[in-house]
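**Q** I'd like to go over a predicted model; first the sequence, then the structure.
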Amino acid sequence: AQSVAQPEDQVNVAEGNPLTVKCTYSVSGNPYLFWYVQYPNRGLQFLLKYITGDNLVKGSYGFEAEFNKSQTSFHLKKPSALVSDSALYFCAVREGNTGGFKTIFGAGTRLFVKA
Amino acid sequence: EAGVAQSPRYKIIEKRQSVAFWCNPISGHATLYWYQQILGQGPKLLIQFQNNGVVDDSQLPKDRFSAERLKGVDSTLKIQPAKLEDSAVYLCASSRTSGGARDEQFFGPGTRLTVL
């Protein structure tokens, strides 16, 4: 069965410092991986996805993520954090082989960027 | 393009009452999803439609929850009767293609349901 783990409930980082939000996954086939962000009182917004190809994918707002098959991880990164990046981040996985109908979301990681 | 629309934004009901939520996906999007997001958790898929057919409703509590997608466009999600544990945010999302596992999803603002 598919599963996603976000091991940190909260990540704190100072503005201007690099940030990493961790995600590990488990699927029986090829994974399709996604990151979404949720700002207060707003719906989830898509940030980036990995389907195939280059392990480093770039997305919105300067975010990027690295797919690591051997470690079954898909960590979200940004070289220099902004206060406005403070939000709730969700990692999600679909299993590609079977058509991937079901999307499994992690529990979320709250990012707090301090000025 | 206009985003995913949901209504109402907030709803407060008493247990054993019924409630319905409405969703209008992005125009032309073939796939529509309903998620339940309980406070402190990630969204959990309740049901997924491709056009007007159901492709996954394995986590929908069918004794009390029902959903339909009329003419492959708008959708309604109903709870009857509601229980206290149904208190959550109900998110609607859509994606462009049918069977598009590679597609990202576009989410509406959600409906916050409180069951007293």
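**A** The structure has been received and is ready for your questions. Numbers count the residues shown, from 1 in each chain, chains lettered A, B, ... in the order given.
**Q** so how far is stretch B:55-62 from its chain's centroid?
**A** 11 Å (C-alpha atoms, centre = their mean, to the nearest Å).
**Q** Would you mind measuring the gap between the ends of it?
**A** Start-to-end span of stretch B:55-62 (C-alpha to C-alpha, to the nearest Å) is 15 Å.
**Q** Next, the buried residues of that stretch.
**A** B:56-57, B:60 (16 or more other C-beta atoms under 10 Å in any protein chain shown). In this view, the C-beta of every residue, glycine as well, is placed from N, C-alpha and C.
**Q** Show me which of these is closest to chain A.
**A** Chain A lies nearest to residue B:56 out of those, by C-beta to the nearest C-beta, at 4.8 Å.
**Q** and residue A:20, how many neighbours does it have?
**A** With neighbours defined by other C-beta atoms under 10 Å in any protein chain shown, the count for residue A:20 comes to 14.
**Q** Just checking: what are the partner strands of the strand or helix carrying it?
**A** Using DSSP states H and E, residue A:20 maps to strand A:19-21. Using DSSP bridges, the strands paired with strand A:19-21 are strand A:73-78 (antiparallel).
**Q** For the next helix or strand after the partner strand, name the packing helices and strands.
**A** Of the helices and strands lying after strand A:73-78 in sequence (DSSP H and E), the nearest is strand A:87-95. Secondary-structure packing of strand A:87-95 (3 or more C-beta pairs under 8 Å, 6 or more residues apart in numbering or on different chains; DSSP states H and E): strand A:3-5, strand A:31-38, strand A:73-78, strand A:104-105, strand A:109-114.
**Q** would you put the C-alpha positions of strand A:87-95 in PDB?
**A** Extracted in PDB, the C-alpha atoms of strand A:87-95 (Å, rounded to 0.1, in the frame of the first residue of the first chain):
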ATOM      1  CA  ALA A  87       2.700  27.900   5.700                       C
ATOM      2  CA  LEU A  88       1.700  24.300   5.900                       C
ATOM      3  CA  TYR A  89       3.400  22.000   3.400                       C
ATOM      4  CA  PHE A  90       2.100  18.600   2.200                       C
ATOM      5  CA  CYS A  91       3.900  15.900   0.300                       C
ATOM      6  CA  ALA A  92       1.800  13.500  -1.800                       C
ATOM      7  CA  VAL A  93       2.300  10.300  -3.700                       C
ATOM      8  CA  ARG A  94       0.600   8.400  -6.400                       C
ATOM      9  CA  GLU A  95       1.600   5.000  -7.700                       C
END
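**Q** Tell me who's in contact with the nearest residue to residue B:70 once chain neighbours are set aside.
**A** Closest residue to residue B:70 apart from its sequence neighbours, by C-beta to C-beta, 6 or more residues apart in numbering or on different chains: residue B:52 at 7.2 Å. If you count contacts by C-beta atoms under 8 Å, 6 or more residues apart in numbering or on different chains, residue B:52 has them with B:69-72.
**Q** Make TSV out of the residues you listed and add secondary structure and neighbour count.
**A** Formatted as TSV, these follow (DSSP: H, G, I helix; E, B strand; the rest coil; neighbours: other C-beta atoms under 10 Å in any protein chain shown):
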residue	secondary structure	neighbour count
B:69	strand	23
B:70	helix	9
B:71	helix	7
B:72	helix	16
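**Q** List just the nearest of the residues you listed to chain A.
**A** Looking across the contacts of residue B:52 and measuring by C-beta to the nearest C-beta, the closest to chain A is residue B:69, at 15.2 Å.
**Q** okay, and for the chain, where does confidence drop off?
**A** In the absence of a named chain, this looks at chain A. For chain A, the stretches flagged by pLDDT under 70 are A:96-101.
**Q** look at chain B instead
**A** For chain B, the stretches flagged by pLDDT under 70 are B:1, B:98-100.
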